[in-house]
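Undergrad: Make a model of this:
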Amino acid sequence: AALAAAAARAPADDAIRGDRGLGVGLPSDDDYADGYWTGSASMPRVGQDRDVLIAVYNPPYDGEPKEIFTPHTHAYFPKPLFDDVVDRLQDLGWIAGRAGNAYIALYSNSKNITWQTKSQFANREIIAQGAKAVWVCIVGRQKTYGSFANFTNMTVLHATVTVDSKTLATDVRLPGPGQGRRITFGWEGTPFVVYDAKGSAHTVPQDTLLRLSSPYANAPFPPRDDLSVKFGDAFVQMNFDKNTRTVHDGSLALNLPDTVSETITAADDASVDKSQTMFTETALSQQSPAAGPASSNATATGLRVAHRILQVWNDTTGFPHFQAWGYESGVIQLGLWELSSLASVGAGDRSTIQAECSRVLDAHLNDPKSLGYKIAHNEEIPFPWGYSIGDHAALYPVAYTARIRHRSSQGSPITTTTVNNNEYDNATDIALVTATAKRYVLGYPHHLSDGTVSRPVAWWPDYFAPNATAVWADDTFMGTAVVSHALSFLPEQQLYVDYLVSQATGFVVHLRDAQTGLLHHGYDQALGKQSCCVWGRGNGWVLMALTDMLLALPSGSPLVATVLAEYQHLASALATMQGSAGLWHNLLNDQTTLAETSCTAFFTYAFATGVAQGWLDRATFLPVVQRATSALMSRVSPDGSVDGIIGETGIKAAAAEYEPHATPFAHAAPGLGAVVRAFAAAAALGL
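TA: Numbering: from 1, shown residues only. Below you'll find the predicted structure:
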């Protein structure tokens, strides 16, 4: 990502288009890291002089990679998208590309450089072995260098880069414009020195630079123990050494008392969680009162949760996943549409919820930077899946299927729909969903030999599965939801029916525990073994997927019986694991782990739907649903916030590694959609 700064120096008419841009990083594979391409495992030390950037990586581990590190750095260089490419990585460590009149060259000091060949990053990802690394990037343009051949002659063929393998001290010498320019740089303690053509040295000062500089906050480099963010007379002051945060509302019109100044000390986990959202939630609650007092039915409780979600849609500081394009918000939208369409929901609530959901969906369609816009306009998405089928492109469009269904007359997805005298054009939504199903669901590149959706990552210590041999329970839903909810209007319907049934059987076969009938979180075909544990929400993703398939599959299809058998088998196994308080536990077979809200919600949705559809014995499962619904209602605060949901969770090597605590509501989006769907399904049963 640091190389974007260098690329941005090109004038607009000579700029490298965004999809041809470069990024370099040391990828992180920790479950809580930002992702494969953000380079968040270890940040580089970066120096830039005009058109030349040097990035030095020296991650803090001694030999064997730790959990969050990979033993290599990598660069995103989409070779097929450049007009010309000169690839000398193997002998010189350099590669250069031309896009129109813009040029870029990239160097790695690694002695073992390869191109990715197997994933969606094939011919786009350069992998440089060795986490201690130096990358050099040079940008140019026709106006400065003349031809691309001249640019590569002055960079790839004749620039010299010398790197000390121990200290990472780097010496770059360039024969290009500004003849004889030389730059020296390195890791900690090495000055950033630029030599001009006459050999005169200019040392760029490091101690006067700011790490952050804006009208609202300034932070020095190296950082201090405290940071203040100010707007007018209002401020938030954080002290990272003492774990305190002081808030003053100043003159902000927040309907708060004239002077509010409060310090929160992070003495324990609970107080830390409260401090993360205290200022934002106080301000919002003053502006928008809670939807109503606690109620004892599923409709009213679900509406409280829905209004709380709407209340924080736009708070991008604390709740980014609630409306961003991602799997979390896709399921949240699905739940909001289902809840708001119930007959027990009043016209006012229905209109408010659906209008706000549509506003967010339309914003994605109209924003050229959004994946929704790119899919709808048939634009290429460079890496649409990340590490799994549900990342990025392939799951969020389930929200558009919900809008199509609830806008359409009598549930029939037709191009134009009239609702309450308002005419809507569903053609764009239908086209987006259809394209997603074809390109990003059926087009997903990773499967086992039997067709089951897989991933190129498993769990530690054998995290990397280079032949994509790892199966995750989560992907049963991630890889089928859009198809299930759009099946009635997808072309080549039988193709998608066969796909759904193959995933239903494939996931269950690989993940089912032979003794209990519960499902393990993961399976690695290369190792021939299942992961350690039966994770609650993982089983929930599978059961919800099977439920939605059964609702979607044509009733006359002989394949329905196959999916129904898997659904009933898993439902029976899960019903026996319900705790006395009505909740299921984070690890289903360990009653000492957290009694967890989201897995309870997944099961409640699936069981309530099964009872309503006649798939499950009413006398056996209705009491299960009643206890679970009552327990879920107890987890909803008067303002609609939901407690007891764990955060994002990857497959773990041991039970002790699974998160023992719930996450704050601000980070509960991965499980929140299931809560709303559960209340909608329970309300449909009259609970």
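Undergrad: Tell me, how many residues neighbour the closest residue in space to Trp313 that isn't next to it in sequence?
TA: Once flanking residues are discounted, Trp313 sits nearest to Gln323: 5.1 Å by C-beta to C-beta, 6 or more residues apart in numbering. Where C-beta positions appear, they are placed from N, C-alpha and C, glycine not excepted. Residues near Gln323, counting by other C-beta atoms under 10 Å, number 27.
Undergrad: Would you confirm that Gln323 contacts Gly330?
TA: No. Counting by C-beta atoms under 8 Å, Gln323 stays clear of Gly330, with 10.3 Å between them.
Undergrad: Enumerate every residue touching the closest residue to Phe148 other than its chain neighbours.
TA: Using C-beta to C-beta, 6+ apart and skipping the chain neighbours, the partner closest in space to Phe148 is Arg98 (4.4 Å). Residues counted as contacts of Arg98 (C-beta atoms under 8 Å, 6 or more residues apart in numbering) are 82-85, 148, 151.
Undergrad: Please check those residues and keep the buried ones.
TA: With burial judged by 16 or more other C-beta atoms under 10 Å, the buried subset of the contacts of Arg98 is 82, 85, 148, 151.
Undergrad: Which members of these occur in strands, if any?
TA: Among the buried ones among the contacts of Arg98, the ones falling in strands (DSSP state E) are Val85.
Undergrad: Per-residue pLDDT of Glu408, please?
TA: No Glu there; residue 408 is Ser. Predicted confidence (pLDDT) for Ser408: 75.
Undergrad: thought it was touching Ile430?
TA: No. Using C-beta under 8 Å, Ser408 is not in contact with Ile430; the gap is 9.9 Å.
Undergrad: so where is this structure shaky, pLDDT-wise?
TA: Low-confidence segments of the chain (pLDDT under 70): 1-41, 61-70, 176-180, 197, 206-215, 220-224, 232-233, 248-295, 314-321, 409-424.
Undergrad: For the strand ranked longest in it, enumerate the helices and strands it packs against.
TA: Identified as the longest strand of the chain according to DSSP E is strand 133-141. Applying 3 or more C-beta pairs under 8 Å, 6 or more residues apart in numbering; DSSP states H and E, we find strand 133-141 packed against helix 3-7, strand 52-57, strand 72-76, strand 102-108, strand 160-163, strand 170-174.
Undergrad: What residues of the helix or strand immediately after the last one in the chain count as buried?
TA: When you say that, I think you mean strand 170-174. Heading C-terminal from strand 170-174, the first helix or strand you meet, by DSSP states H and E, is strand 181-185. For strand 181-185, burial by neighbour count (16+ other C-beta under 10 Å) applies to 181-185.
Undergrad: could you pull out the helices for the stretch 151-300 of the chain?
TA: Here the stretch 151-300 of the chain has its helices, by DSSP state H, counting those that start in this stretch, at 269-287, 298-311.
Undergrad: how many neighbours does the closest residue in space to Asp524 that isn't next to it in sequence have?
TA: The shortest distance from Asp524 to any non-neighbouring residue, by C-beta to C-beta, 6+ apart, is to Ala458 (4.5 Å). Per other C-beta under 10 Å, the neighbour tally for Ala458 reads 27.
Undergrad: Does Ala458 lie in a helix or a strand, and which?
TA: For Ala458, the host element (DSSP H and E) is strand 457-459.
Undergrad: Pull up the pairing partners for that strand, direction included.
TA: In the sheet, strand 457-459 lines up against strand 462-464 (antiparallel) (DSSP bridges).
Undergrad: and the strand it pairs with, how far from the chain's centre?
TA: Mean C-alpha position of strand 462-464 versus that of the full chain (C-alpha atoms, centre = their mean, to the nearest Å) differs by 20 Å.
Undergrad: What residues of it count as buried?
TA: Tyr463.
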